[in-house]
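Participant: Sequence and predicted model, in that order:
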There are 2 protein chains.
Amino acid sequence: MTVEATFQRRVSRWGIFELVLPGPVDSAAFSDPGFGATFARGHRTIRCDGFYDGDGRYVVRLMPDAEGEMSFLTWGRAQQLDGVTGSFVVDAPSTGVHGPVRVAHGTHFAYADGVPYRELGTTCYAWTHQGDAIEERTLATLADAPFNKIRMCIFPKDYAYNKNEPERYPYERGTDGLWDFARFNPAYFTHLEQRLAQLAALGIEADLILFHPYDRWGFSRMPADADDRYLRYVVSRLSAFRNVWWSLANEFDLMTSKTESDWDRFFRIIQALDSVQHPRSIHNCRRFYDHSKAWVTHCSIQRSDVERTREWREQYSKPVVIDECCYEGDIPQRWGDITAEEMVRRFWETTVRGGYCGHGETYADPDDVLWWSKGGVLKGHSPARLALLREVLASAPATGLDPLDGIVKHGFPCAGRIGEYYLTYTGPHQPRAISLSLPSETSFDVDVIDTWAMTIARVPGSHRGQCTVELPGRPYIAVRARRST
Amino acid sequence: MTVEATFQRRVSRWGIFELVLPGPVDSAAFSDPGFGATFARGHRTIRCDGFYDGDGRYVVRLMPDAEGEMSFLTWGRAQQLDGVTGSFVVDAPSTGVHGPVRVAHGTHFAYADGVPYRELGTTCYAWTHQGDAIEERTLATLADAPFNKIRMCIFPKDYAYNKNEPERYPYERGTDGLWDFARFNPAYFTHLEQRLAQLAALGIEADLILFHPYDRWGFSRMPADADDRYLRYVVSRLSAFRNVWWSLANEFDLMTSKTESDWDRFFRIIQALDSVQHPRSIHNCRRFYDHSKAWVTHCSIQRSDVERTREWREQYSKPVVIDECCYEGDIPQRWGDITAEEMVRRFWETTVRGGYCGHGETYADPDDVLWWSKGGVLKGHSPARLALLREVLASAPATGLDPLDGIVKHGFPCAGRIGEYYLTYTGPHQPRAISLSLPSETSFDVDVIDTWAMTIARVPGSHRGQCTVELPGRPYIAVRARRST
């Protein structure tokens, strides 16, 4: 029998190279494919575990991160999977592709090519479990929305407003009718991968939530060996998608069947297997996981008191992403009913303290299609304002906004970069003026930004040193000073 | 020479009994009058220090706290002040007089006759230093305002918007032109006493701030013996006013010339001398004084994060009064420019966590008459809403609102009294419904209170057990359930 390797001869940088080999039809290979490849380019090699895609298909994927020719050499327990070689060319990246996101400048993010990534996320936990009609509506909504990250669960979700069965499950059932945690469902993952690719095309990072407590199927209470197998399968399959982030859990502290050492182990498994080293985090309900542990790349936080952003930055010296600060909406749950004004305020309060905030929307719906869980359409008034925030961030310093003291009088929070850029925000305060201590040797352009009315007004003239900026006497005003060019 | 004692033969309970004796004209008596009286009624005696009022007038005051006949016997270093006796009758209190306020039910307040006192304070730091025209305007404003406490300084204030010299000072100048901290100015105190009595007539407690850092005269940096002498003089003169509270400082932690042991000593001096045992507190800028010390009757707090009220209640097991949570206004200072919506929200957030909040107003004024400092008129939109809060509190349980768990679903804060009264509040949340777990054996009347629109709407019917209350889908809504009568 001739081994027929299927793979691309050309792939663009930060795209997905995929090698498919035929091998034994054996569902035990889901647990342990005994297969992988070592990729080489010059003196550099990258070792990637493969995965079993069912029907005798053995796959290994790579996200190539440099241009030029690469070769591969497989290893395999089955003879026909072992020692297969080949080569391919990595071309320049496709237009608009900047590579995976990484932590940069200490407490911020950047794409692999150095272009800054200003996180502005939303939340649709179970959007890929809703069927094509709603899922495509979600993608269309995202195409027009300001968000560049989405929090989404791999496992289906069982919770208020989300009681429908998903079309597909990550596992097959055994002959006993129970879920077989050793047998993955390739169709489930193929569908998820289609959605990941569509998000990537929209420039949206997929913050993949690996575990969560809202479960009626048993996926939150699998034995440890099944958890580990699941992580290895997911990382082997999905890490070649440049827009993947690993969120170990939604509300890890509500998952009573997992211990602290389970979470530690999960982090280490991912860290060891993921050749791209995507961002890794874990999201809390009440108590924080210890984000200072080395395998945590950034803090993923659920908290309403976003004014503490700076404290957390200082505590962990990592990017602070308040992934959940409550959702804009009107459902009875306290976490799902803040006003658009409050949602926008929390984003800005976080921003001017050097952090990143997250959106979600929970307006009651006759069909129970709430954005935060199922996606669909956005009904709220915050996204338009968050688009303005995104526009403001787009011209902020590439190294990110860090808290700055002594710039704005009276203790208004300020973030920016010394000598270059300063951003402050009034929140529920409505001063008729705000005083800035700008460097005296440089000229600055100053803008008054009404973050709610969505206006940016240039203050006439050029500014330096001590200056007082008149404000409209309304809340929710930002003031920006940028070095004149 | 015949000693002529001047005193009332009849005084009403919780009024001011005043005995005046002529004695040596000697300004040294300001520091040490060597004079006082022991009051007796049946087996009970109350010893009160006297004070020197200048011009040979020696005065001792008592706030009688029980009806019936009382006698007095003076002691004095000067012969004509010693051994003077007399008696008088204490009548029933005047209409509407309930006596001094005390801590009651652990974390709340009540008047001496048991009538609950629901603190709802405002702030006019230097209002008694502004001259009669403004001061009378302030009193007229207070007569129509919802406040039942006012924070006010004894010493004049030097600060932004408050640079005018006062008409009177607590001290006389010496022949060297410097303040003589051993020689009090009786006219200053007579004026202050007039204002205290006017506040009492309006049912307003005077939270007298004894020290503060905003000073250009040296009153904040007196030597220790002058501080102690000042406290003894003030307490001897003013403690008979039933509406006095002792606030040791505004922003004690900004007074760099005082140490922790100074503040401890000040508390103990007051505690020892004050025969009424008026409420005692101390107000912070940044760090808290240790409110758990025995001489602190309640926590006086400056903080914006009023959502921590319950935490402070639990930490100190005393009433929590957030005397400064920022002020409604539009001046550039961050502490003086929150919206009326935010001010009202902070009051309600504090209330439904079992605490009390404080008001102040700082709208810029062409004549620099800002309510928070000088009094005058109120321009803001919060007082009308705080009047609604006062109305709501008026029918709350006499034992106060204590935090209650398990009543309101989804973690909305709730305070009240089990089986009787429940109050919750949405703040920036806008749920279309809220779920209460009321006792199933009792019927409740339920009201939806729009704290901003100032409406109270009774939900039709009688309610018990699990019930869902429809809400208008706007922020700032309170829901009240009261046991049906």
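Facilitator: Nice, thanks for sending it over.
Participant: C-alpha only now, for contacts and for neighbours.
Facilitator: Fine.
Participant: and the residue sitting nearest the centre point of chain A, helix, strand or coil?
Facilitator: Closest to where the C-alpha atoms of chain A average out (Cα atoms, centre = their mean) is residue A:207, at 3.3 Å. At residue A:207 the chain is in strand, as set by DSSP: H, G, I helix; E, B strand; the rest coil.
Participant: wouldn't it be in contact with residue A:149 here?
Facilitator: Yes. Residue A:207 is within contact range of residue A:149, at 6.7 Å (criterion: Cα atoms under 8 Å).
Participant: residue contacts, residue A:107?
Facilitator: A:298, A:313, A:317, A:318, A:319, A:320, A:354, A:400 (Cα atoms under 8 Å, 6 or more residues apart in numbering or on different chains).
Participant: Can you give me the neighbour number for residue A:461?
Facilitator: 9 (other Cα atoms under 10 Å in any protein chain shown).
Participant: The residue nearest to it when sequence neighbours are not counted sits in which helix or strand?
Facilitator: Nearest residue to residue A:461, sequence neighbours excluded (Cα to Cα, 6 or more residues apart in numbering or on different chains): residue A:445, at 7.5 Å. In this assignment (DSSP states H and E), residue A:445 forms part of strand A:444-450.
Participant: For that strand, name the packing helices and strands.
Facilitator: If you count contacts as 3 or more Cα pairs under 8 Å, 6 or more residues apart in numbering or on different chains; DSSP states H and E, strand A:444-450 packs onto strand A:455-458, strand A:477-483.
Participant: what's that strand in contact with?
Facilitator: A:455-459, A:461-464, A:471, A:476-484.
Participant: got the helices and strands packed on strand A:444-450 as CSV, with mean neighbour count and distance to chain B columns?
Facilitator: Output for these, formatted as CSV (neighbours: other Cα atoms under 10 Å in any protein chain shown; distance: least, Cα to the nearest Cα, whole Å):
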stretch, mean neighbour count, distance to chain B
strand A:455-458, 14, 19
strand A:477-483, 23, 12
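Participant: Would you mind putting those into JSON lines with mean pLDDT alongside?
Facilitator: Listed next are the helices and strands packed on strand A:444-450 as JSON lines, based on pLDDT from 0 to 100:
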{"stretch": "strand A:455-458", "mean pLDDT": "98"}
{"stretch": "strand A:477-483", "mean pLDDT": "98"}
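Participant: gap between residue A:201 and residue A:461?
Facilitator: From residue A:201 across to residue A:461, the span is 42 Å (Cα to Cα, to the nearest Å).
Participant: can you check residue A:7 too?
Facilitator: For residue A:7 relative to residue A:461 (Cα to Cα), the value is 60 Å.
Participant: Over to residue A:69?
Facilitator: 54 Å.
Participant: next one: phi and psi at residue A:328?
Facilitator: Dihedral angles of residue A:328 (phi, psi; degrees, to the nearest 10) stand at phi -70, psi 130.
Participant: Hmm, I typed the wrong one, I wanted residue A:273.
Facilitator: Dihedral angles (degrees, to the nearest 10) for residue A:273: phi -90, psi -30.
Participant: these two touch, right, it and residue A:232?
Facilitator: Yes. Using Cα under 8 Å as the test, residue A:273 is close enough to residue A:232 to be in contact (7.2 Å).
Participant: Surely residue A:373 touches residue A:122?
Facilitator: No. Residue A:373 is beyond contact range of residue A:122, at 10.7 Å (criterion: Cα under 8 Å).
Participant: what's downstream of the lengthiest strand in chain A, the next helix or strand?
Facilitator: For chain A, the strand that runs over the most residues, judged by DSSP state E, is strand A:68-76. Where DSSP H and E defines the elements, the next helix or strand beyond strand A:68-76 is strand A:85-91.
Participant: And the contacts of that following strand?
Facilitator: Under Cα under 8 Å, 6+ apart, the answer for strand A:85-91 is A:8-13, A:64, A:66-74.
Participant: Return the residues of chain A in contact with chain B.
Facilitator: Proximity of chain A to chain B, by Cα under 8 Å from any Cα of the partner chain, involves residues A:329-339, A:342, A:409-412, A:428-435, A:473-475.
Participant: which among those end up buried?
Facilitator: Neighbour-count burial (16 or more other Cα atoms under 10 Å in any protein chain shown) applied to those gives A:329-339, A:342, A:409, A:412, A:428-435, A:473-475.
Participant: Which members of those occur in strands, if any?
Facilitator: Those of those lying in strands (DSSP E): A:329, A:433, A:434, A:435.
Participant: Output the below-cut-off pLDDT ranges for chain A.
Facilitator: A:1-3 (pLDDT under 70).
Participant: Where do the helices of it begin and end?
Facilitator: A:28-31, A:132-144, A:186-201, A:224-238, A:260-273, A:309-316, A:340-351, A:371-374, A:382-394 (DSSP state H).
Participant: Please identify the most buried of the ones you listed.
Facilitator: helix A:371-374 (a mean of 26; mean count of other Cα atoms under 10 Å in any protein chain shown).
Participant: Contacts made by that helix with the rest, please.
Facilitator: Residues outside helix A:371-374 that contact it (Cα under 8 Å, 6+ apart): A:122-130, A:134, A:161-162, A:327, A:360-363, A:377-378.
Participant: Mind giving me the ChimeraX select for those residues, buried ones only?
Facilitator: Restricted to buried positions by 16+ other Cα under 10 Å, the ChimeraX selection for the contacts of helix A:371-374 reads:
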select /A:122,123,124,125,126,127,128,129,130,134,162,327,360,361,362,363,377,378
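Participant: Out of the ones in strands among the buried ones among the residues of chain A next to chain B, which is nearest to residue B:423?
Facilitator: For these, the minimum distance to residue B:423 (Cα to Cα) is 22.4 Å, reached by residue A:329.
Participant: Hmm, the closest one is touching residue A:364, no?
Facilitator: Yes. Look at residue A:329 against residue A:364 with Cα under 8 Å: they come within range, at 7.3 Å.
Participant: ok, now which ones touch the residue of the stretch 51-200 of chain A found nearest chain B?
Facilitator: The nearest approach of the stretch 51-200 of chain A to chain B comes at residue A:160, 12.3 Å away (Cα to the nearest Cα). Residue A:160 makes no contacts at all, as judged by Cα under 8 Å, 6+ apart.
Participant: Need the phi and psi values for it.
Facilitator: According to degrees, to the nearest 10, residue A:160 has phi -50, psi 140.
Participant: Count the neighbours of the closest residue to residue A:173 other than its chain neighbours for me.
Facilitator: The shortest distance from residue A:173 to any residue other than its chain neighbours is 4.2 Å, reached at residue A:179 (Cα to Cα, 6+ apart). As a burial measure, residue A:179 scores 18 neighbours (other Cα under 10 Å).
Participant: OK, contacts around residue A:179?
Facilitator: So residue A:179 contacts A:171, A:172, A:173 (Cα under 8 Å, 6+ apart).
Participant: Quick check, the second one in contact with residue A:187.
Facilitator: No. Residue A:172 lies out of contact with residue A:187 (Cα under 8 Å); the separation is 10.1 Å.
Participant: one step back: could the helices and strands packed on strand A:444-450 be laid out in TSV, adding distance to residue B:259?
Facilitator: Shown next, in TSV, are those (distance: least, Cα to Cα, whole Å):
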stretch	distance to residue B:259
strand A:455-458	49
strand A:477-483	40
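Participant: ok, residue A:309 to residue A:325 distance?
Facilitator: Note on residue A:309: its distance to residue A:325, by Cα to Cα, is 12 Å.
Participant: ok, now residue A:302?
Facilitator: Applying Cα to Cα, the value for residue A:302 to residue A:325 is 6 Å.
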